[in-house]
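Participant: Dropping the sequence and predicted coords here.
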Amino acid sequence: MYLAKVYIRLRPTVSDPQGQTIRGGLHQLGFDAVTGVRAGKYMEISLNADSECAASEQVRQMCDKLLANPVIEDYRFDLEPLH
């Protein structure tokens, strides 16, 4: 059993309206030192796999096929064995 921690973010060249809205809200709250915000997604996925290699391949396929949009998003993930 493994736990995949998946981090998905917009590519640097893609406009991030959600990040801009968050930045504006932070400025309204007095956090004027904030110069930029990029919003993303974080997921934790528990999965059964025979090995770390097999778990890694499954998570990679999940990201490529559903979780991330390869045109505008990049992803990375960490795997932890669950005991």
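Facilitator: Yep, that arrived. Because the structure is a prediction, the values reported are computed rather than measured.
Participant: got a pLDDT number for the residue sitting furthest away from the middle of the chain?
Facilitator: In the chain, the residue that sits farthest from the middle, by Cα atoms, centre = their mean, is residue 30; the gap is 27.6 Å. Looking at residue 30, its pLDDT reads 98.
Participant: isn't there a helix covering it?
Facilitator: No: Residue 30 is assigned coil when assessed by DSSP: H, G, I helix; E, B strand; the rest coil, not a helix.
Participant: Can you read off the backbone torsions of it?
Facilitator: Main-chain dihedrals, residue 30, degrees, to the nearest 10: phi 100, psi 10.
Participant: cool, and residue 2?
Facilitator: Main-chain torsions, residue 2, degrees, to the nearest 10: phi -130, psi 150.
Participant: What sits closest to it if chain neighbours are left out?
Facilitator: residue 55 (4.2 Å; Cβ to Cβ, 6 or more residues apart in numbering). Backbone N, C-alpha and C define where each C-beta goes, glycine included.
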